[in-house]
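Starting from these lines, generate the structure:
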Amino acid sequence: MTNIELYRLLQPAVMAASGVPVIIPAGDNKPSPKGSYASIHIRTDIRERGMAFKDRRLLPDNETFEHTVRSQQEVTCTVEFYRDGAKEYAANMLQMDKRDDIVWALYKAGLNIMRTGPVLDLTALQSNQYEERARVDIYLRMQVARKYQINRIMEVTGVAQNEGGTDIQTVTVKVN
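Next up is the predicted model:
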């Protein structure tokens, strides 16, 4: 799943849970919207959980194995709220993993919300006035699959030598 795909899944979930009127991707280098808004920063932290699953299958060419490594990842996405109501919007995000209207849409896409929070107050001085700001993290669990291919060994040759290094016998084994 790409960052854009993950953003597109989280954006309606964050909007539904927080109630913020506008959500934008973090760091998009565009002017900030008017009024209260939020930004979503995808994959601010990525951890692995346990061991990956590994599958392999022989492709139709009968010579190439396709290996799939499915890693279990814990991904943190950060939501920052700006302007009036920022702390309230952020607090609304807590326990969003209990909302059926959010959880099942993410589950169908292979995502699970582990937890949210804490709400951090990031209120700052902007142009001689304080601007309310807040931040909350969403901790997700997901599976990421990576594929690679390896050619099959079709022939092996073994050589037996004596202690002087002279070949005694050579054997070649080929796959039918």
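
Could you confirm Ala105 falls within a strand?
No - under DSSP: H, G, I helix; E, B strand; the rest coil, Ala105 falls outside any strand and is assigned helix.

so where's the longest helix in the chain?
Using DSSP state H, we find that the single longest helix of the chain is helix 3-18.

by contact count, what packs against that one?
strand 23-25, strand 37-48, strand 64-82, helix 86-92, helix 100-108 (3 or more CB pairs under 8 Å, 6 or more residues apart in numbering; DSSP states H and E). All C-beta atoms are positioned from the backbone trio N, CA, C, and that covers glycine.

Centroid-nearest residue for this protein?
In the chain, the centroid-proximal residue (CA atoms, centre = their mean) is Val75; its distance is 5.4 Å.

Report the inter-axis angle for the longest helix of the chain versus helix 100-108.
160 degrees (axes from the mean of the first three to the mean of the last three CA atoms, to 10 degrees).

Buried residues, helix 3-18. List them.
Neighbour-count burial for helix 3-18, counted by 16 or more other CB atoms under 10 Å, picks out 6-7, 9-11, 13-15, 17-18.

okay, the nearest residue to the residue nearest to the centre of the chain once chain neighbours are set aside: pLDDT?
The shortest distance from Val75 to any non-neighbouring residue, by CB to CB, 6 or more residues apart in numbering, is to Leu140 (4.7 Å). With respect to pLDDT, Leu140 has a value of 96.

How about Asn62: what's its closest non-neighbour residue?
Closest residue to Asn62 apart from its sequence neighbours, by CB to CB, 6+ apart: Arg152 at 7.8 Å.

residues in contact with that neighbour?
58, 62-65, 175 (CB atoms under 8 Å, 6 or more residues apart in numbering).
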